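Engineer: any chance you can model this:
(2 chains)
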2 protein chains.
Amino acid sequence: MNSAKLEKVFNPRSIAVIGATRNPIKLGHKILKAVIGSKFCGQVYPVGIQTGPICCLKSYRSVLEISDKVDLALVAVPSSCVLKVIEECGLKGVSHAIVFSAGFSETKNGMKLEQELIDTADRSGTRIIGPNTNGIRNFMGLNATFTPKEKFRIGNVGIICQSGGYGRFLLEYGEAEALGFSKFINLGNSCDVGFAEVLDFLACDPFTKVILLHIEGFKKEGEGRKFMIAAKRAVKSKPIIVLKTGRMSSARRAIQSHTGSLAGSDLMYDGLFRQTRILRVCDGVEMIDIAKALSILRVRASGNSVAILTNLGGPAIVASDICESNGLAVNELREETKSKLGAILPSTASYGNPVDLASAWPNLKLYYNTLSILVDDAGVDAVILIVFIETRTSNIPAHDIAALSDQYSKPIVACILSPYRRIMSQYIMAFEREGIPCYRSLERAAKAMVGVIKCSRESARDNS
Amino acid sequence: MNSAKLEKVFNPRSIAVIGATRNPIKLGHKILKAVIGSKFCGQVYPVGIQTGPICCLKSYRSVLEISDKVDLALVAVPSSCVLKVIEECGLKGVSHAIVFSAGFSETKNGMKLEQELIDTADRSGTRIIGPNTNGIRNFMGLNATFTPKEKFRIGNVGIICQSGGYGRFLLEYGEAEALGFSKFINLGNSCDVGFAEVLDFLACDPFTKVILLHIEGFKKEGEGRKFMIAAKRAVKSKPIIVLKTGRMSSARRAIQSHTGSLAGSDLMYDGLFRQTRILRVCDGVEMIDIAKALSILRVRASGNSVAILTNLGGPAIVASDICESNGLAVNELREETKSKLGAILPSTASYGNPVDLASAWPNLKLYYNTLSILVDDAGVDAVILIVFIETRTSNIPAHDIAALSDQYSKPIVACILSPYRRIMSQYIMAFEREGIPCYRSLERAAKAMVGVIKCSRESARDNS
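Structural biologist: Residues are numbered from 1 along each chain as shown, chains lettered A, B, ... in the order given. Here you go, the predicted structure:
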């Protein structure tokens, strides 16, 4: 594992921004702004053709003029100047360069230039992220992208994406869903540093709990094999969810002109993900929903059997369909469990699974007791709660529910819906703070649970 | 078609609330409150065992005491009293009764009582909605449910649901997604008025543009045949989307104790929906997303070929995958179209389809011209826009885009995302006002387009 090397990318002590300028519409300016405006505390050296200070910092004509050590170069110069810059970075002993510049293998005429870039990097000793990348972010430190104003919650979800655009979609959409992020890296054309190396890094990163991957296609020979080794290792310690595009012919056609990757046979990738036991999804909404659950939950499921506890019958039936059609079991409860429930629930309730509280709602003591009996059933591995809150007064004991989840080591996911928007938001916040992921649609809650259980199974299999 | 008869249910001139009481926790009180608090303008007669006025209205001991004509009875008395109430309604000449009371075929002991209710209704001439129903709503008039405080946007989406609980989920979730509703009816145990009759009614209702169906299972012999006739007729004038639960065994088991329906063979239902050309979905989120698109769009697609216009490459590729894997075509554009685009777009843009504007963004004149060329391609039936708004100043001409959609009669659906939440919301509102449905996830935008095109095809086939 060469994961330690990427430490200089996410936590450098000094940075040169090459292509820095005072012109605010230029990439080099935006990147400098992003670095300065972020939580990065090290030294920043603008390198550019303008003389005089740039953004209040002394500027240099070349990275070679800087007397101190430079860990990381952020390169935003025309593609024709990139080779020279990388050569200088090598001479200067710069560990890594993030090459934002486009005009390489994603264009017809740039294939040759990218090969030259690879050769130059090999010779110089400076490792390359990119080219044609949106950069990287350490959400607790450096923002090395060209979007200085985009703020995100700090959390434990790491993103590795081939497309910077789709990476931004994931970030923005995740932010809207209250997800928090640890690290973000856009590999772009990934001529040098590839998926395997970043996977190794994030697998060891103590701030990352869940890894999201967006892949258009591997570019280099042997990359698939490297990826497989890294993924098999990483999945032992944290769940990995992948969105591999280019499933269909129209998308494969577009990928070629986007990052210059060969999308390849989808079956081959599918086999790779199965072998490495990475969870594959086809939809970014599902990816974010599952990531949220994995990010919040403190426990994993030891099997695929769910119980559904509801205060409305119809919605639970829809959830039941979604769980079972996605490979989970919604089994009848054990006779012993049913007897226990029968002793406390009114005759209007049904407890075949789903357990429908009917007129027992909103008796919260009874709610807690019912859930206690459910998690105590050895045939139940996880619980989905469907809660329709109709009164302003009900006060579901989120803390006690989370304690049950911890005690029995069974994940609990909830769908909370109410006509009282503010109350609903308060509930969702309270639940999620305690470690119970919440959704406003039962379909999304059920699909998130499907993802959680699939990831739990993979980890359980590995640890056994 | 006996659709006219249900006019008395949604637009009665006078209502008796039977089981009315001053006790605020009782169903009969909540229903009375809902009726009085709604936009219903007719006469309301509380009927109950308490003497003196109820909610400021003179009360009656029996519907027979009311001297004026009564169109609709709302019945919330214990199940053991329902038969007598319906007999009296018959004598009084009440056209329809909505029976909220539970304790019929959804319970083991209530099967016989429900059969007696059917017989009584037959004899008395009063038609029954329910029993075990949450009631009905005309969003421009009567709220005959027990949820007086739930307010919803007025719109053109009608809901027919077997489960009141799932109906409430659809309403609440739809409201959160800014969907507006026309009529809502919860059939409950549907011992008398069934899906076919309500479909007939909504098909003719000028305020309803899209019909959503939630079905657990048909209950009566011959109901499938009636449904098929009604659905075939209704789908000619408006799109119908169905969520049929009980796909899997666990859900089928639960349905029996919920509305007492036989979920039946899923293949049988699937065949029925195919034959009637109703769009089947398995997920309420998808249902609401498609309903929103159909509710807002003014035009239908004449084929299944979409063009994708984007300012970010990666996201468009994901959308492309979703469209093609769901049966849409994302074909290369015609040579003529490509030449026209080549003449105006910079070399960084790609226009195989998806069309990626790259550095041509945010030139809005160029944006409009590109879209004009796209919709002018005879091989393009619909367009998905993916817009990532990075600056506060860009001002996409929603009105002009909608005009293109109208002129060429090609539906346009958009995904708008931005780090600037307020600007994003303003854009979404502006677009939707003009007739362009918007989503905050490209996956949901693409899936909504899939639904729109499938529904368009059905209607096109019928009208040809």
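Engineer: in the stretch 151-300 of chain A, where is pLDDT below threshold?
Structural biologist: Under the criterion of pLDDT under 70, the regions of the stretch 151-300 of chain A flagged as low confidence span A:259-263.
Engineer: strands of that one, start to end?
Structural biologist: Under the criterion DSSP state E, counting those that start in this stretch, strands of the stretch 151-300 of chain A are mapped to A:154-161, A:181-186, A:210-215, A:240-244, A:279-280.
Engineer: now A:Pro397: closest residue in space, sequence neighbours ignored.
Structural biologist: Nearest-residue entry for A:Pro397: A:Tyr368, 6.0 Å, with adjacent residues in sequence omitted and distances by Cβ to Cβ, 6 or more residues apart in numbering or on different chains. Heads up, the C-betas are built off the backbone N, CA and C, glycines and all.
Engineer: how many neighbours does the one you found have?
Structural biologist: Neighbouring residues of A:Tyr368 were enumerated by other Cβ atoms under 10 Å in any protein chain shown; the total is 15.
Engineer: do the same with the one 3 residues further on
Structural biologist: With neighbours defined by other Cβ under 10 Å, the count for A:Leu371 comes to 21.
Engineer: can you check A:Arg127 too?
Structural biologist: Here the number of neighbours of A:Arg127 (other Cβ under 10 Å) works out to 21.
Engineer: over to it: give its phi and psi.
Structural biologist: In terms of degrees, to the nearest 10, the main-chain angles of A:Arg127 are phi -80, psi 150.
Engineer: the closest residue to it other than its chain neighbours pairs with what?
Structural biologist: Take A:Arg127 and drop its neighbours on the chain: the residue closest to it by Cβ to Cβ, 6+ apart is A:His96, 4.8 Å away. Counting by DSSP bridges, A:His96 is bridged to A:Leu72, A:Arg127.
Engineer: still on that earlier bit, just the pLDDT for the residue nearest to A:Pro397.
Structural biologist: The predicted structure scores A:Tyr368 at 95 on the pLDDT scale.
Engineer: residue contacts, it?
Structural biologist: If a contact means Cβ atoms under 8 Å, 6 or more residues apart in numbering or on different chains, then A:Tyr368 has A:397, A:400-401 as its contacts.
Engineer: which among these gets closest to chain B?
Structural biologist: In terms of Cβ to the nearest Cβ, no member of the contacts of A:Tyr368 lies closer to chain B than A:Ile401, at 21.1 Å.
Engineer: hang on, the residue nearest to A:Pro397 is in a strand, isn't it?
Structural biologist: No. Under DSSP: H, G, I helix; E, B strand; the rest coil, A:Tyr368 falls outside any strand and is assigned helix.
Engineer: gap between it and chain B?
Structural biologist: As defined by Cβ to the nearest Cβ, to the nearest Å, A:Tyr368 lies at a distance of 21 Å from chain B.
Engineer: would TSV of the strands of the stretch 151-300 of chain A with mean neighbour count and distance to chain B be doable?
Structural biologist: Formatted as TSV, the entries for the strands of the stretch 151-300 of chain A read as follows, by neighbours: other Cβ atoms under 10 Å in any protein chain shown; distance: least, Cβ to the nearest Cβ, whole Å:
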stretch	mean neighbour count	distance to chain B
strand A:154-161	23	7
strand A:181-186	27	9
strand A:210-215	26	7
strand A:240-244	23	7
strand A:279-280	20	12
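Engineer: all strands of the stretch 1-150 of chain A, in order?
Structural biologist: When secondary structure is read from DSSP E, counting those that start in this stretch, the stretch 1-150 of chain A shows strands at A:14-18, A:43-47, A:72-75, A:96-99, A:127-129, A:136-138, A:143-144.
Engineer: pull the contacting residues for A:Glu336.
Structural biologist: A:Asp377.
Engineer: now it. Its backbone dihedrals?
Structural biologist: Note on A:Glu336: backbone dihedrals following degrees, to the nearest 10 are phi -60, psi -40.
Engineer: so how far is B:Lys292 from the spatially closest residue to A:Ile389 that is not a sequence neighbour?
Structural biologist: Here the nearest residue to A:Ile389 in space, its sequence neighbours aside, is A:Ser418; by Cβ to Cβ, 6+ apart that works out to 3.8 Å. Look at A:Ser418 and B:Lys292: by Cβ to Cβ, to the nearest Å, they are 21 Å apart.
Engineer: more neighbours: the two, which one.
Structural biologist: Counted by other Cβ under 10 Å, A:Ser418 and B:Lys292 do not tie: B:Lys292 has more neighbours, with 26 against 22.
Engineer: return the residues in contact with the more buried one.
Structural biologist: With contact set as Cβ under 8 Å, 6+ apart, B:Lys292 has these partners: B:174, B:177-179, B:437, B:448.
Engineer: ok, the residue of the stretch 151-300 of chain A at minimum distance from chain B - contacts?
Structural biologist: Distances between the stretch 151-300 of chain A and chain B by Cβ to the nearest Cβ are smallest at A:Ser163, namely 2.4 Å. Residues in contact with A:Ser163, defined by Cβ under 8 Å, 6+ apart, are A:186, A:214, A:216, A:258-259, B:312-315, B:317.
Engineer: okay, the residue of chain A most remote from its centre: pLDDT?
Structural biologist: Distance to the chain centre peaks in chain A at A:Ser347, reaching 45.0 Å (criterion: Cα atoms, centre = their mean). The score at A:Ser347 is 86. That number is its pLDDT.
Engineer: and the one 4 residues further on, by the same measure?
Structural biologist: Looking at A:Tyr351, its pLDDT is 87.
Engineer: find the nearest non-adjacent residue to it, please.
Structural biologist: On the basis of Cβ to Cβ, 6+ apart, the spatially nearest residue to A:Tyr351 that is not a chain neighbour turns out to be A:Leu341, at 4.4 Å.
Engineer: report the contact partners of that neighbour.
Structural biologist: Contact partners of A:Leu341, counting by Cβ under 8 Å, 6+ apart, are A:333, A:349, A:351, A:355, A:370, A:373.
Engineer: pretty sure the second one is touching A:Leu366, no?
Structural biologist: No. Contact criterion Cβ atoms under 8 Å: A:Ala349 and A:Leu366 do not qualify, at 9.3 Å.
Engineer: what is in contact with those two at once?
Structural biologist: With Cβ under 8 Å, 6+ apart applied, the overlap between the contact sets of A:Ala349 and A:Leu366 consists of A:357, A:360.
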